[in-house]
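J.: model this:
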Amino acid sequence: MAESGRPRWGPGTDESQELGTGKASADLYRDAERYELERTRLFRRVWHVAGHAAELPEPGDHLLWERVGQSVLIVRKADGSLAAFHNVCRHRGARIVRESGHSPSGRFTCPFHAFVYGEDGCVVHVPERETFDANQIADLRAEPVAVEAWGGWLWIHLEPSVAPPLAEFLGELDGELSWYGMEDWRYAGGSIYQAEANWKVVLEGFLEAWHTPTVHANSTRGGFDVPRSTFSSFPPHSMMVVPLTALDIDSAPEPVEHRQYADCQYLLFPNAFLNMFPDQGYLITVHPTGIDRAICQGFVVARRTAPEGVGQDAWDRSVETSIGVMDRIMGEDLEIASEISRNRESVGYRENLYNTLECRLTAFHENVERYIADDS
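T.: This next block holds a predicted model:
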């Protein structure tokens with residue numbers, strides 16, 4: 001916590017006491033009915049980070065996103081704007097596209113019966129058109145998906161008819177994250193990870209830093225002042241500010257700019273973890289592939305220009321090594337998550353107990369519960 005009499009770093013005041021301690025039943029991680037509710041009432045009702053805008057640099061570029069049983073195609077249109085639609089042929093349900101890539105014509109042909117779709121998902125060619133009921137194929141198009149670019153990231157919502165504007169969904173995080181100017185940062189690449197654990201077990205490891213000195217002792221080497229972390233909530237999102245020992249936040253001029261002196265860790269509810277340092281960061285998404293399995297995708301981003309006092313060549317090399325650092329830390333986190341999953345069915349595993357250093361976990365579960373309790 002911040003020293004007495006000194007303004008704390010981060011927005012507002014530290015909310016660890018307000019968020020409080022808590023506990024979570026072990027059934028949250030092993031109950032099949034609850035897992036299905038998460039798939040249908042949570043993941044279909046939120047905005048997802050689907051990729052980085054740099055993955056679609058040119059018109060005709062398309063990104064295939066396949067998570068939680070959904071297949072979505074995101075397209076860079078001829079005018080530079082974005083379109084997204086469910087990658088499901090309206091004829092008989094085949095996938096229209098099977099991989100990400102580039103279409104010079106901006107058209108996509110279903111491999112089953114050769115229905116052709118335009119860049120916005122509209123059907124532009126129906127084979128043997130005269131053999132169909134004209135009313136059935138009039139104005140035919142793939143089901144649309146809401147898509148926006150924000151902060152350099154590609155965001156999608158599976159059900160546009162009920163999707164709030166992305167800015168509304170992000171709320172106060174919009175202004176908090178704008179400081180970084182991520183839309184101008186470079187995308188350095190990323191990795192895919194397979195997790196043998198419930199998706200929430202994996203995500204929870206990103207919501208507290210208390211485990212850092214043990215799980216990441218070799219990776220971080222004491223670079224974080226974990227006991228002085230502070231916490232803020234922007235429901236349903238949250239953040240944690242962990243001072244960096246190398247930057248001496250106590251010597252910073254008032255008012256303290258937390259983003260310049262700390263590792264700021266954000267939960268983009270429900271399943272994206274954004275870990276931001278002053279000049280680079282990484283984002284991890286976590287999606288379930290089963291009740292005790294998940295797929296994680298990591299992205300590394302960084303400022304294009306080297307920080308003051310660092311040569312550009314040295315900075316470029318540092319950014320290139322960041323993916324390996326992310327891989328190593330993720331490996332450590334996923335090993336622990338797998339160990340927890342091994343006890344999933346144990347009669348001795350009844351609940352998790354959370355202290356104030358884990359207050360964001362308490363808030364996370366409360367927000368998940370709000371979504372799955374809504375049967376509208």
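J.: after the top helix by length along the chain comes which helix or strand?
T.: The longest helix of the chain (DSSP state H) is helix 312-342. Helices and strands here follow DSSP states H and E; after helix 312-342, the next one along the chain is strand 351-354.
J.: list the buried residues in that next one.
T.: N352, Y354 (16 or more other CB atoms under 10 Å). C-betas here are computed from N, CA, C, even on glycine.
J.: contacts for it?
T.: Residues outside strand 351-354 that contact it (CB atoms under 8 Å, 6 or more residues apart in numbering) are T21, G22, K23, A24, S25, A26, L361, T362.
J.: so of those residues, which ones are in helices?
T.: L361, T362.
J.: just the buried residues of the contacts of strand 351-354.
T.: The neighbour count (16+ other CB under 10 Å) marks G22, A24, A26, L361, T362 as buried among those.
J.: which one of the residues you listed sits closest to F206?
T.: F206 lies nearest to L361 out of the buried ones among the contacts of strand 351-354, by CB to CB, at 10.1 Å.
J.: so what's the closest one up against?
T.: G22, A24, E204, L207, E208, N352, Y354.
J.: let's see 7 Å
T.: Listed by CB atoms under 7 Å, 6 or more residues apart in numbering, the contact set of L361 reads E204, L207, E208, Y354.
J.: select from the residues you listed the one having the most neighbours.
T.: Highest neighbour count within these: E204, with 25 neighbours (other CB atoms under 10 Å).
J.: would you mind measuring from that residue to T21?
T.: In this view, E204 and T21 are 15 Å apart by CB to CB, to the nearest Å.
J.: domain ranges for the protein, per the record?
T.: Per the record, the chain has its domains at 16-44+181-373, 47-158, by automatic domain parsing.
J.: that older thread, nearest to N135, of the buried ones among the contacts of strand 351-354?
T.: Using CB to CB, the buried ones among the contacts of strand 351-354 come closest to N135 at A24, 51.6 Å.
J.: what about the closest one, distance to G348?
T.: Distance from A24 to G348, counting by CB to CB: 16 Å.
J.: how about R129?
T.: As judged by CB to CB, R129 and G348 stand 64 Å apart.
J.: then Y371?
T.: Separation of Y371 from G348 (CB to CB): 30 Å.
J.: okay, these two: which has more neighbours?
T.: A side-by-side neighbour count of Y371 and G348, using other CB under 10 Å, places Y371 first with 18 against 6.
J.: the more buried one belongs to a strand?
T.: No. Judged by DSSP: H, G, I helix; E, B strand; the rest coil, Y371 forms no part of a strand; its state is helix.
J.: that one and F43 touch, don't they?
T.: No. With contact defined as CB atoms under 7 Å, Y371 does not count as touching F43 (9.1 Å).
J.: show me which positions of the longest helix of the chain end up buried.
T.: 315, 318-319, 322-323, 326, 329-330, 332-334, 336-337, 340-341.
J.: average model confidence for that helix?
T.: Mean pLDDT, computed over helix 312-342, is 95.
J.: roughly how far out does it sit from the chain middle?
T.: How far helix 312-342 lies from its chain's middle: 16 Å, per CA atoms, centre = their mean, to the nearest Å.
J.: elements contacting it?
T.: Identification of packing neighbours for helix 312-342 by 3 or more CB pairs under 7 Å, 6 or more residues apart in numbering; DSSP states H and E yields strand 186-195, helix 199-204, helix 212-215, helix 217-220, strand 280-290, strand 293-302.
J.: now stretch 86-105: buried residues?
T.: H86, N87, V88, C89, R90, H91, R95, I96, V97, S103.
J.: burial measure for V301, as a count.
T.: 26.
J.: might you list the low-confidence residue ranges for the stretch 251-376 of the chain?
T.: By pLDDT under 70, the low-scoring segments of the stretch 251-376 of the chain are 252, 255.
J.: gap between A163 and L283?
T.: Following CB to CB, the distance that separates A163 from L283 is 21 Å.
J.: neighbour count: those two, which is higher?
T.: Neighbours per residue, other CB under 10 Å: of A163 and L283, the larger number sits with L283, 24 against 19.
J.: that one and F299 touch, don't they?
T.: Yes. With contact defined as CB under 7 Å, L283 and F299 form a contacting pair (4.7 Å).
J.: contacts only, for the residue positioned nearest the centre of the chain.
T.: For the chain, the residue nearest the mean C-alpha position is A272 (2.5 Å; CA atoms, centre = their mean). The contact partners of A272, taken as CB under 7 Å, 6+ apart, are V49, L283, T285.
J.: next: H62.
T.: Taking CB under 7 Å, 6+ apart, we find H62 in contact with L73, I74, V75, V97, S100, G101, S103.
J.: could you do W199 as well?
T.: W199 neighbours (CB under 7 Å, 6+ apart): N271, V286, H287, P288, A294.
J.: ok, and the closest non-adjacent residue to the first one?
T.: Using CB to CB, 6 or more residues apart in numbering and skipping residues adjacent in sequence, the residue nearest N271 is V286, 4.8 Å away.
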